[in-house]
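Asker: here is my input, please return the structure:
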Amino acid sequence: MEPLVVSSLVFSVVAMGLSSARILRSYREGKRKRQSDLFSNVTNITRIIEDEKFVQSRRALRKNKLLNHLKEGNGNDNLLLELDMATEEAARNVATTYDRLGFILKHDKELEDEFIQWQSYVIADMWLLTKDLVTKKWRSRNQSYLKEFERIGKKALDIET
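Answerer: Coordinates of the predicted model:
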């Protein structure tokens, strides 16, 4: 074989080896970054759902007799007009927080599935308690308002039923 051919072959083999090493390193770095991002996202989501105002708002909704009456399907739309401002504000806090979480989670399907599996009872309960407010009162001005909350609420209901 000619020296030029041999040197070209050696150069090509070395280049392939270096390229393979670089691809492997990129893969490992990508995997570490994904794990780091996942940990960061879970930490942020946990902070959101453990926020004291959010916890108190959920508690207020669970204690409200009128919302529980509507949740069970024993009411009519006029009952929504009787809801006090503090309870409506608590409901808005819960709904907008879950809407924000739904928006964040839809960008990571795997994390969304795990989160909804973990929190399905709470999400489903909060959706049922606020569903009439969202769909019959608040959406009268904006039909796409709180769509992400509705989406994860329905997913949670599917898990619970």
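Asker: report all helices and strands that the helix or strand where residue 46 lies contacts.
Answerer: For residue 46, the element it lies in under DSSP states H and E is helix 3-49. Helices and strands touching helix 3-49, by 3 or more Cβ pairs under 8 Å, 6 or more residues apart in numbering; DSSP states H and E, are helix 85-105, helix 109-132. All C-beta spots, glycine's among them, are computed from the backbone N, C-alpha and C.
Asker: is it possible to export those helices to JSON lines including mean pLDDT, mean neighbour count and distance to residue 45?
Answerer: Output for the helices and strands packed on helix 3-49, formatted as JSON lines (pLDDT from 0 to 100; neighbours: other Cβ atoms under 10 Å; distance: least, Cβ to Cβ, whole Å):
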{"stretch": "helix 85-105", "mean pLDDT": "96", "mean neighbour count": "19", "distance to residue 45": "6"}
{"stretch": "helix 109-132", "mean pLDDT": "95", "mean neighbour count": "18", "distance to residue 45": "6"}
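Asker: immediately after the helix holding residue 46, which helix or strand?
Answerer: Next along from helix 3-49, by DSSP H and E: helix 52-63.
Asker: now that next one: mean pLDDT?
Answerer: Averaged across helix 52-63, pLDDT comes to 97.
Asker: give me the residues contacting it.
Answerer: Contacts with helix 52-63, where a contact means Cβ atoms under 8 Å, 6 or more residues apart in numbering, come from 48, 67-68, 86-87, 89-91, 93-94, 97, 122, 125-126, 129-130.
Asker: what comes up buried for the next helix or strand after that helix?
Answerer: Going down the chain from helix 52-63, the next helix or strand is helix 65-71, by DSSP H and E. Buried residues in helix 65-71, counted by 16 or more other Cβ atoms under 10 Å: 67, 70, 71.
Asker: isn't the first one right up against residue 130?
Answerer: This means residue 67. Yes: between residue 67 and residue 130 there is a contact under Cβ atoms under 8 Å: 7.5 Å.
Asker: any shared contact partners between these two?
Answerer: In contact with both residue 67 and residue 130: 61, 91, using Cβ under 8 Å, 6+ apart.
Asker: doesn't residue 157 make contact with residue 131?
Answerer: No: applying Cβ under 8 Å as the test, residue 131 and residue 157 come out as separate, 9.7 Å apart.
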